[in-house]
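Visitor: I need the structure of the sequence given here:
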Amino acid sequence: MDIALLGLLLNMAIVLSLIVRVLTRPHRDPASRIAWIAVIGALPVLGIVAYFLLGETNIGHRRTARMKAVIRNMPSSMVVSDSYHESTLFHVPKRFQLLFRIGKSINGFDVTEGNSAQLMADSNATIRAMEADIDAATDHVHLMFYIWLPDNNGLRIVDALKRAASRGVSCRVMADDIGSRTMIRSRHWKDMKQAGVYAVRALSVKIPLLRSLIVRVDLRNHRKILIIDGKITYCGSQNCADPEFLVKAKYAPWVDMMARFEGPVVRQNQYLFASDWMSHTDENINSLLSLPVETPAAGFPAQIIGTGPTVRYSAMPELFGSLFHAAREELIITTPYYVPNESMQSALCSAAWRGIKTTIIFPAKNDSWMVAGASRSYYRDLLKAGVEIFEYEGGLLHTKSVTIDGEVSLIGSANMDRRSFELNYENNMLLYSPELTADIRIRQQEYLSQSKPVTLETVDSWSLGTRLLNNTLATLGPVL
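Guide: Residues are numbered from 1 along each chain as shown. Sure thing, here's the model as predicted:
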């Protein structure tokens, strides 16, 4: 048989087998299936390579099995306070109660009451507060960051951890192997270890090209967690770095939102950290999850939402969509990356069509031109529905926040894009607190004061080439 014909038949067999696999793989929406079939069919060689590298959400069978075993062997009760009772949700208006029930369906975490919080003023204030809390730690410090840079703020945390370890405090730190590669490969990482800090690379990638043939190396741990003595935690969008963010300085400053929390909800962030830690090490820290938790006399209900490739794949878009549907008066959103699925886009448009004052703030200058273009492809439908769109001009708005009717808030690490939905490990906090929500809303208004409105006239003025590029990038969304 002619070699060329044999090669053609082999290629056709591979293409057909991949198309069958695309059609039969679970947890894939129709748009994603169609997009992958189009890529594989139109680009027989590149499409096959692209599918092997990016086509499936797979962190490796061994890692998946280990993570599931760790979670299975963790203390079964997700109720983290002896004072918790079924009436906790009665403190929350009925229309918001379903949000916390959706949250519980994701991780099994009950809503906790008796929590308090302080919204940090800015990125530098956050690092100073973290440093002070680490210096005051007496038992343990747990830290997880996607990006940790060896800059001014990053090294302040390094030094604080070394001081804590020298006092006999157990310091366990994790950093994503790709996002924090500069820190991990620096002398500071070795110095921390020599000082007694237990430092672990999250989702390590020793030989990227080789490993990419087996698993997706772009599945990352995007969480931002700090826990002090099981009593204090931080949650928000900020990485451990200066706002000048020297690795992408031309987009600076990076503008983030972070809050410091006390109360029973700390234990839920501890669960997320512990599950990550024990999935990467042989140390069992389950005992820390069985310690008694004191509940303050007063405080607000809150709940941690932890998602990732080994959690229900539709969890984050379901939560976002439910938040949008729950609004009755006002919905304000900030996100740097917006590549929604169809149901989430419809939920946001539906809020505006219902007469809800719906506002979304994006960065005017995005560090990802592909995501920026894809995001803008959705502008026209949002604007036609009545959504008010603004682009922030004071730097790269990296804050991920949602406020509803001045009462409910969601803050954390998850963006409104498919990477956060399906590929990254994320941590967010859902809370009912008119007081804290008012503070977050004030911060959102500050963003608005440094933003320019985007109108239908603006979108209509875009050139044919711009619209073609934006829509093409959006079409690739389900593939990426």
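Visitor: give the contact list for residue 176.
Guide: 145, 146, 147, 201, 202, 203, 220, 221, 222 (CB atoms under 8 Å, 6 or more residues apart in numbering). The way it works is simple: take the backbone N, C-alpha and C, and place the C-beta from them, glycine included.
Visitor: repeat for residue 158
Guide: Residue 158 touches 150, 188, 191, 192, counting by CB under 8 Å, 6+ apart.
Visitor: Please name the nearest non-neighbouring residue to residue 338.
Guide: Distance criterion CB to CB, 6 or more residues apart in numbering; nearest residue to residue 338, sequence neighbours excluded, is residue 375 at 4.2 Å.
Visitor: and that neighbour, what element?
Guide: Assigned by DSSP states H and E, residue 375 falls within helix 369-376.
Visitor: Show me what that helix is packed against.
Guide: With contacts defined as 3 or more CB pairs under 8 Å, 6 or more residues apart in numbering; DSSP states H and E, helix 369-376 has these neighbours: helix 464-475.
Visitor: I'd like the secondary structure assignment at the residue positioned nearest the centre of the chain, please.
Guide: Closest to where the C-alpha atoms of the chain average out (CA atoms, centre = their mean) is residue 414, at 2.5 Å. Put simply, residue 414 is coil when judged by DSSP: H, G, I helix; E, B strand; the rest coil.
Visitor: List the contacts of residue 165.
Guide: Residue 165 neighbours (CB under 8 Å, 6+ apart): 171, 192, 195, 196, 197.
Visitor: ditto for residue 157
Guide: 127, 130, 131, 134, 143, 148, 240.
Visitor: go with 7 Å
Guide: Listed by CB atoms under 7 Å, 6 or more residues apart in numbering, the contact partners of residue 157 are 127, 130, 131, 240.
Visitor: Also residue 298?
Guide: residue 114.
Visitor: Also the one 4 residues further on?
Guide: The contact partners of residue 302, by CB under 7 Å, 6+ apart, come to 112, 115, 265, 429, 430, 431.
Visitor: A strand includes it, no?
Guide: Yes: counting by three-state DSSP, residue 302 is part of a strand.
Visitor: What residues are bridge-paired with it?
Guide: Legend: beta-bridge partners of residue 302 under DSSP bridges are residue 112, residue 431.
Visitor: Residue 266 versus that one, what's the distance?
Guide: 10 Å (CB to CB, to the nearest Å).
Visitor: and what of residue 92?
Guide: Residue 92 is 20 Å from residue 266, by CB to CB.
Visitor: ok, the two, which is more surrounded?
Guide: Remark: of residue 92 and residue 266, residue 266 carries more neighbours, 24 against 20, as counted by other CB atoms under 10 Å.
Visitor: pLDDT wise, what is that one at?
Guide: On the pLDDT scale, residue 266 is placed at 96.
Visitor: what's the nearest residue to it if we skip its chain neighbours?
Guide: Closest to residue 266 by CB to CB, 6+ apart is residue 233, at 4.4 Å.
Visitor: Return the residues in contact with that neighbour.
Guide: Contacts of residue 233 by CB under 7 Å, 6+ apart are 225, 226, 227, 261, 266, 269.
Visitor: number of nearby residues for the closest residue to residue 169 other than its chain neighbours?
Guide: Of all residues not flanking residue 169 in the chain, residue 137 sits nearest, at 5.0 Å (CB to CB, 6+ apart). Residues lying near residue 137 (other CB under 10 Å) number 22.
Visitor: mind checking the backbone torsions on residue 137?
Guide: phi -60, psi 140 (degrees, to the nearest 10).
Visitor: Mind picking the lowest-pLDDT entry from the contacts of residue 302?
Guide: residue 112 (92).
Visitor: now that one: how far from residue 243?
Guide: Taken as CB to CB, the span from residue 112 to residue 243 is 31 Å.
Visitor: Need the pLDDT of the nearest residue to residue 300 once chain neighbours are set aside.
Guide: With sequence-adjacent residues excluded and distances taken as CB to CB, 6+ apart, residue 300 is closest to residue 433, at 3.6 Å. We have a pLDDT of 97 for residue 433.
Visitor: Ok, residue 81 next?
Guide: At residue 81, pLDDT is 44.
Visitor: Can you give the distance of the one helix or strand residue 164 maps to from its chain's centre?
Guide: Using DSSP H and E, residue 164 falls within helix 152-166. From the chain centre to the centre of helix 152-166 is a distance of 25 Å (CA atoms, centre = their mean, to the nearest Å).
Visitor: In that helix, which residues are buried?
Guide: By neighbour count on 16 or more other CB atoms under 10 Å, the buried set for helix 152-166 is 153-165.
Visitor: Save those residues as CSV, and put in pLDDT and distance to residue 446 too.
Guide: Output for the buried residues of helix 152-166, formatted as CSV (pLDDT from 0 to 100; distance: CB to CB, whole Å):
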residue, pLDDT, distance to residue 446
153, 98, 21
154, 98, 26
155, 98, 29
156, 98, 25
157, 98, 26
158, 98, 31
159, 98, 31
160, 98, 29
161, 98, 32
162, 98, 35
163, 98, 34
164, 98, 34
165, 98, 38
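Visitor: between those residues, which is nearest residue 311?
Guide: Of all these, residue 157 has the smallest distance to residue 311: 27.7 Å, by CB to CB.
Visitor: Please tell me how far that closest one sits from residue 139.
Guide: From residue 157 to residue 139 the distance is 18 Å (CB to CB).
Visitor: ok, now residue 455?
Guide: Taking CB to CB, one finds residue 455 at 54 Å from residue 139.
Visitor: try residue 102
Guide: Residue 102 is 34 Å from residue 139, by CB to CB.
Visitor: More neighbours: which of these two?
Guide: Neighbours around residue 102 and residue 139, counted as other CB under 10 Å, are more numerous at residue 102. The numbers are 18 against 13.
Visitor: show me the contacts for that one.
Guide: Applying CB under 7 Å, 6+ apart, the residues contacting residue 102 are 318, 319, 322.
Visitor: Could you check the pLDDT of the nearest residue to residue 328 once chain neighbours are set aside?
Guide: The shortest distance from residue 328 to any non-neighbouring residue, by CB to CB, 6+ apart, is to residue 405 (5.7 Å). The per-residue pLDDT reported for residue 405 equals 98.
Visitor: thought residue 405 was touching residue 324?
Guide: No: assessed by CB atoms under 7 Å, residue 405 is found out of contact with residue 324, at 11.9 Å.
Visitor: if you count what's nearby, which of these two comes out ahead?
Guide: residue 324 (24 against 19).
Visitor: coming back round to it: which ones among the contacts of residue 102 map onto helices?
Guide: Among these, DSSP state H puts 318, 319, 322 in helices.
Visitor: Now render those as TSV, adding pLDDT and neighbour count.
Guide: Output for the ones in helices among the contacts of residue 102, formatted as TSV (pLDDT from 0 to 100; neighbours: other CB atoms under 10 Å):
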residue	pLDDT	neighbour count
318	95	19
319	96	23
322	96	16
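Visitor: could I get these as JSON lines with distance to residue 355?
Guide: JSON lines is the format used below for the ones in helices among the contacts of residue 102 (distance: CB to CB, whole Å):
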{"residue": "318", "distance to residue 355": "24"}
{"residue": "319", "distance to residue 355": "23"}
{"residue": "322", "distance to residue 355": "19"}
